[in-house]
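next one to model:
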Amino acid sequence: MSEPSTTPGEGFHPHLHETAGSPAAPLRNRLHHIRAGSLDGDTAQTGGMRRFAAVSGKTVGSEKLWMGQTHVAPATSSSDHHHGESETAIYVVSGHPEFVFLDGSGGEPDEIRLRTGPGDYIFVPPFVPHREENPDPSEEAVVVIARSTQEAIVVNLPGLYALPAEEG
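As a prediction, this is how the structure comes out:
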């Protein structure tokens, strides 16, 4: 027999709720259940995209991790941007988003376009300028993003530029 679904914010401990004389358990002493319909849209945004936080300092008290969804409308692209000191991991849920950056390891910078599909992953190192595009004229692209910083850092840029090659 399965347990009934938890209520948003109750984590997996339905008995840990406020009662008279008994405060709720601290955010860091319990698991949290974030329902798909209760994602927080009050996040850093980039033109052409909608970001929704699931796990953040604001939603669950996380200190080192941010995780959420990004929706890229059909036939659109984000602004050029980077995510500051955050390492960013992206999982493609639906659609065929493309991730664009400039590779400066050769002479002239080359535009690199990573074409993805559902089930693919992308890793974006800290400070790497890039943009997401959704070339499909009718299908929204949806990705899940995890970042190594508590909140979503988005630094919008006037254009892409290649990072200098690292000395090895």
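
so how far is residue 89 from the most centrally placed residue in the chain?
The residue lying closest to the centre of the chain (C-alpha atoms, centre = their mean) is residue 145, at 2.8 Å. Here residue 145 is placed at a distance of 7 Å from residue 89 (C-beta to C-beta, to the nearest Å). All C-beta spots, glycine's among them, are computed from the backbone N, C-alpha and C.

tabulate the CA atom coordinates of the lowest-mean-pLDDT helix or strand in the chain in CSV.
Across the helices and strands of the chain, mean pLDDT, DSSP states H and E gives its lowest value to strand 49-55, namely a mean of 80. C-alpha atoms of strand 49-55 as CSV (Å, rounded to 0.1, in the frame of the first residue of the first chain):
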residue,chain,number,x,y,z
MET,A,49,13.6,32.6,-21.6
ARG,A,50,11.5,31.9,-18.5
ARG,A,51,13.3,30.4,-15.5
PHE,A,52,11.5,28.7,-12.6
ALA,A,53,13.3,27.8,-9.3
ALA,A,54,12.5,24.5,-7.7
VAL,A,55,15.4,24.2,-5.2
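
got the buried residues for it?
49, 51-55 (16 or more other C-beta atoms under 10 Å).
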